[in-house]
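> What follows is a protein structure lacking sequence information:
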């Protein structure tokens, strides 16, 4: 149950996180949309206001605003300075002429009279801009003299003074720096605006002639505690030259703050409500599609662990209707239970089969053991002892000895290729065949030839047998022997064992029609013979060294006069010490005979 709750908690966190992100994005979209709608409406209103301001300025001077700016550029200090008596008389004379309009009159005046008229109209233009700003409710209104290399605020109503902020000195005298070889004005009647493309792209558009209509920009960076919206409209001379730009600034900080706070409040409310709603729905949803099916899967597993009944698991799994990952998991659990049942049945079957095979192997081991002679004869003429240790339950090595008439003793040691049941079967066949042919008479070579032909004819598994066969004349001590691919025998003569390298013939059962060679060994009283299989000579140590025939001879000569049983025991002990903990990989068989005369 704790795991189910943990899964629910993890999925819940994921969904809540997605919901929060979605709520924030949606609220931000609403915030931006509301702000844009508000500014769009304000844009339309400010467009009308800018046109009104432009008309007012042009009307107040009967369209001579651009000419007044020219005189400002020529001598700004004199335009702003107090009027002299002479200038006032000249202005009175100009205004007294009622026959023509001011504009027509202006162009008929000489330069001095025009200058006086411009100086008189400058404060009137300033008043018009100021009162227009106040009446329309803007935070600031400006008239900006703008050229390609500079931009100076001629009139700035932001200080609450109808006449702006008159300069005490020539604005062209205070230069802070130069940029690209052009002077940048840093002091004028109001603010100084640098025609930097990064900071004043809007004004640059007017200078470059890319804009000749009303332009707006949102300014949220000029003042940290204010949100401003700025509108611009250009004023051109009659010949199309850009003379100045009128700008009005609307302070919408309260609106922006209210909108921002409302958005934040909405996000918080949506988050809390959505969190509760999402949490409730999530619990219901997750319980229905995940927890409840998982509980069924868990219950099915517990029942299976208790009852080991896959049919019951299938019945419980079928009640899960989900086709999502939980449904796939349920199907996998059902299939797993069925596979475990099948695997268990197969294991039971294999265990039964293994038990049967083990029983048969035990029986085969017993049969093989009983076939090997364990009761060694106590004769005055000779003493004999043998042993066989299979590498598996049953082996392919065997030894045998049997009387041939009254005066002869047959001695056999053999090694069948391979191990296990097949080798044991061939071993019994070869053992029986050798004994039978030997009892019929003949030399060892003749007996091996007959056995080879018999085995080769019946050998369908391509196995073979190595055999050493000797026939001891009990009266004379002569052993007549033949070797079919077997290990060299060791002969004890004069109290020491030496390896006797006899002539080998071909192995038995490999190919029919083979011939074998007889040879004789003369044993005197106290002499003996030791024969063995390759499991002794090829015994491995942990470092993969072979035991070898030299160590066999050394072990035999450690007590060369010992009885056959003790000699075999000495060799066994030496092999065990050599191989240490290495696993026996081949059958180990030995036979030893001492001739007493």
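Sure, I can see it. Because the structure is predicted, anything quoted here is derived from the model rather than measured.
> Please make it C-alpha for all contacts and neighbour counts, starting now.
Will do.
> pLDDT below threshold where in the stretch 301-450 of the chain?
Where the stretch 301-450 of the chain drops to pLDDT under 70, the residues are 301-341, 343-344, 357-370, 392-395, 420.
> That one: strands as residue ranges?
382-389, 397-404, 408-416 (DSSP state E, counting those that start in this stretch).
> Show me what the second one packs onto, helices and strands only.
If you count contacts as 3 or more C-alpha pairs under 8 Å, 6 or more residues apart in numbering; DSSP states H and E, strand 397-404 packs onto strand 382-389, strand 408-416, helix 420-439, strand 588-595.
> ok, now the longest one?
Packing contacts for strand 408-416, counted by 3+ C-alpha pairs under 8 Å, 6+ apart, involve strand 397-404, helix 420-439, strand 465-473, strand 588-595.
> That one relative to helix 420-439, how many degrees between them?
Orientation of strand 408-416 against helix 420-439 (axes from the mean of the first three to the mean of the last three C-alpha atoms, to 10 degrees) gives an angle of 160 degrees.
> and strand 408-416, which residues are buried?
Residues 408-416 are the ones in strand 408-416 that count as buried (16 or more other C-alpha atoms under 10 Å).
> how about the nearest residue to residue 389 once chain neighbours are set aside, what does it touch?
Nearest-residue entry for residue 389: residue 588, 5.2 Å, with adjacent residues in sequence omitted and distances by C-alpha to C-alpha, 6 or more residues apart in numbering. Residues in contact with residue 588 (C-alpha atoms under 8 Å, 6 or more residues apart in numbering) are 388-391, 397, 532-536.
> before we move on, the earlier item: and of the helices and strands packed on strand 408-416, who's closest to residue 136?
Between residue 136 and the helices and strands packed on strand 408-416, the shortest gap by C-alpha to C-alpha is with helix 420-439, which sits at 114.6 Å.
> Only the buried residues of that closest one, if you could.
Neighbour counts over helix 420-439 (16+ other C-alpha under 10 Å) mark 420-428, 430-431, 433-435, 437-438 as buried.
> can you check stretch 490-497 too?
Along stretch 490-497, these residues count as buried under the neighbour rule (16+ other C-alpha under 10 Å): 490-493, 496-497.
> Also stretch 245-254?
In terms of neighbour count (16+ other C-alpha under 10 Å), stretch 245-254 has its buried residues at 245-252.
> which of those sit farthest apart?
Within the buried residues of stretch 245-254, 245 and 252 form the most distant pair, 22.1 Å apart (C-alpha to C-alpha).
> Quick check: mean pLDDT of stretch 135-155?
In this model, stretch 135-155 has a mean pLDDT of 71.
> so what's residue 591 bridging to?
Counting by DSSP bridges, residue 591 is bridged to residue 386, residue 531.
> Now for residue 480, which secondary structure element holds it?
Per DSSP states H and E, residue 480 falls inside strand 478-484.
> could the strands of the stretch 301-450 of the chain be laid out in TSV, adding distance to residue 144?
As requested, these are arranged in TSV below (distance: least, C-alpha to C-alpha, whole Å):
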stretch	distance to residue 144
strand 382-389	118
strand 397-404	120
strand 408-416	119
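> what sits against the spatially closest residue to residue 450 that is not a sequence neighbour?
Of all residues not flanking residue 450 in the chain, residue 437 sits nearest, at 7.3 Å (C-alpha to C-alpha, 6+ apart). Residue 437 is in contact with 447, 450-451, counting by C-alpha under 8 Å, 6+ apart.
> again, but for residue 417
Residue 417 makes contact with 396, 423, 463-465, according to C-alpha under 8 Å, 6+ apart.
> Of those residues, which is the nearest to residue 347?
Distance to residue 347, by C-alpha to C-alpha, is smallest for residue 423 among those, at 28.3 Å.
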